[in-house]
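> Please find the sequence and the predicted model below.
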Amino acid sequence: MITIEDLQTVVDKQRKAEERRTAGLPRAVDVSAEILKSHALVLTGVRRCGKSTVMTQRIRAASDPWFYLKFDAPQLVSLELSDSPRLDKVVERSGANRLYLDEVHELDGWELYVLEKLDEGLRVCVTGSNASLLKGERASKLTGRHVSVELFPFSYAEFLAFTRGRKGRKSVEAYLEVGGFPRYVETREESHLTELFDDIVYRDVVVRHGIREVAAVERLAAYLSENPGCRFSASRMLRPLGVSNASTVTQWCDWFEDAYLFFFVPKYCDSARAQLVNPRKVYCVDTGLLQVVSTRLVFNDAHRFENLVFLALRRRFRELYYFDEGGECDFIAVRRHAPALAVQACVELTTGDLDRELGGVRAAMARFGLKEGWIVTLDQTDAYKVPEGTVRVVPFHGFEPWPAPARAEKQVNNRR
C-alpha cells in the first residue's frame, strides 16, 4: 500500500528528472500515430539500451499534457494493482491524456491497468526489460490493443551517428570492440558494462524467478559470454554447473533470453522434435559487453564478428536458424514462415576457406530455393555466380541495413 501523498511526491520528483533529461540520439520507432490512438505502444529490450530515451523523445514530440512514472523506484516497491485508484487520482491531478509508464513489468497485473486507461481514451506508452512482458496471459489480455517494438543497443548506423564516424573497416572494428550501449559508447567506463551484466543476471533472472542456485547461474552466464557463436547443449553443462537436470539449465537459458542478454539460435529442422534435440548456437546482445565481461585473455574474433552479424539480422528478423545439411550456413532468416535469407559470417574470406564458406551458403540456397546468398566480411566486396544463383560477398558496413548488390561476379565450378 502507498498513500496518495507519497505517490504524488515520487511522481513530482520523477517528472522533474524527466524534464532535465536530454533527448539523445533520435531513434526511429516505425509506428503510425493513428494506430496509437487506440493501441498501447510497448517498448521492450535489454536494460539501458535506450528505451527510456525513446520515451523521452516521444514526450518531447507531443505538445499535450503528459504523465510519467518509472515503476522500479525504491519508493514504489510496495505498489500493487490495488493501489490503482490512488494512481488514478494523481494522473487526474496532472490533467494528462498521455501516460508514459517506464519499467512497467515491476507492477504485477500492469496490463489490466493499461487496458483500463485505453478504454478511458488515454494514450499509453510503456517500457519493460523482459520479453515475457507480452507472453501468456498478459498477451491474451492485450491482444488487439497494443503495438510491440523491440529495442536493442545502437546499431552500426546509430553508432556512426552517435560517434560521428564514417562507414568503413576502422569504424566496424571500433563498433565490434565497443558495442552499442549508449552510455558506454559515450564514456568507455567498463564498470558501466560489468554492473549492467550483473544487474541483468541477478535482478532480471535470479531475483525475478526466485532462483536459489545463484552461483550456478553466474557460472552459466560467464560460460555463455565466453562462447559466442558456439553450439550449446544444456546436457553438457550439468557437471560444470553442478545441476542434475538439463531442463533446469534450459529454463535458465530461456530466462536469459527473456532478459535480452543471450539469444539461442536453433538448427533448422523440418521436425520440431529434431530441432529440440540438436544443440543451439548462443549469441550475446552486445559485442562490447562480451569484450568487457569475458575472462578470456584472447577473444576469437571470428566468433565475435559472427555475433555482430547475428545482431544486425536479429534487429530485422525474430526467427533465425543455423543450417547444417551438406554444409554449414551461419544464419537462415525466416520471414512469414519461409526462409528468406542465407547468410554466412566470415571476418576475412581467403582462398583456403573459400570453398567451405561458399559451400555452406550454396547448400542452404539449394535447400530453400534461394537465388541469392550472402557472405558478410569485415571489409571485402565480391560476387560469385554459382549454379544455385549468386553469392554476394559484402563488407559489414555495406550490410546494415541491407547490402547493395555487388557488381563483379566470378564463375564457380558446380561443386560443394
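Here it is on my side, so go on. Residues are numbered from 1 along each chain as shown.

> Return stretch 92-104 as PDB; C-alpha atoms alone will do.
Listed next in PDB are the C-alpha coordinates belonging to stretch 92-104 (Å, rounded to 0.1, in the frame of the first residue of the first chain):
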ATOM      1  CA  GLU A  92      -6.200  13.100 -12.900                       C
ATOM      2  CA  ARG A  93      -4.400  15.900 -11.000                       C
ATOM      3  CA  SER A  94      -1.900  16.200 -13.800                       C
ATOM      4  CA  GLY A  95      -4.600  16.700 -16.400                       C
ATOM      5  CA  ALA A  96      -2.600  14.400 -18.800                       C
ATOM      6  CA  ASN A  97      -4.100  12.500 -21.700                       C
ATOM      7  CA  ARG A  98      -0.800  10.600 -22.400                       C
ATOM      8  CA  LEU A  99       0.600   8.100 -20.000                       C
ATOM      9  CA  TYR A 100       4.300   7.100 -20.100                       C
ATOM     10  CA  LEU A 101       4.900   4.100 -17.800                       C
ATOM     11  CA  ASP A 102       8.500   3.100 -17.500                       C
ATOM     12  CA  GLU A 103       9.700  -0.400 -16.400                       C
ATOM     13  CA  VAL A 104       6.000  -1.300 -16.100                       C
END
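
> got a list of contacts for it?
Contact with stretch 92-104 is made by 8, 11, 51-52, 55, 58-59, 62, 64-72, 91, 110, 114, 117, 121-129, 133, as judged by C-beta atoms under 8 Å, 6 or more residues apart in numbering. Every residue, glycine included, has its C-beta placed from N, CA and C.

> so what's the residue positioned nearest the centre of the chain scoring on pLDDT?
The residue lying closest to the centre of the chain (C-alpha atoms, centre = their mean) is F152, at 4.7 Å. At F152, the predicted lDDT confidence score is 97.

> Y113 too?
For Y113, pLDDT reads 96.

> circling back to that earlier point, show me the contacts of stretch 92-104 that map onto helices.
Q8, V11, K51, S52, M55, R58, I59, V91, W110, V114, K117 (DSSP state H).

> Count residues in the vicinity of the residue nearest to the first one when sequence neighbours are not counted, would you?
Spelled out, that is Q8. Nearest non-adjacent residue to Q8, counting by C-beta to C-beta, 6 or more residues apart in numbering: V90, 5.3 Å away. Other residues lying near V90 total 19 when counted by other C-beta atoms under 10 Å.

> Now do V90 against D330, distance only.
Using C-beta to C-beta, to the nearest Å, V90 is found at 51 Å from D330.

> For this structure, give me the ranges with low pLDDT.
Low-confidence segments of the chain (pLDDT under 70): 137, 139, 297-299, 400-416.

> domains in the chain, as residue ranges please.
4-151, 155-302, 316-416 (automatic domain parsing).

> Could you confirm I375 falls within a helix?
No: counting by DSSP: H, G, I helix; E, B strand; the rest coil, I375 is not part of a helix but strand.

> which residues in the stretch 301-416 of the chain form helices?
301-314, 351-368 (DSSP state H, counting those that start in this stretch).

> count of residues packed around E372?
For E372, using other C-beta under 10 Å, the count is 16.

> do the same with the one 10 residues further on
Burial measure for D382: 17 neighbouring residues, criterion other C-beta under 10 Å.
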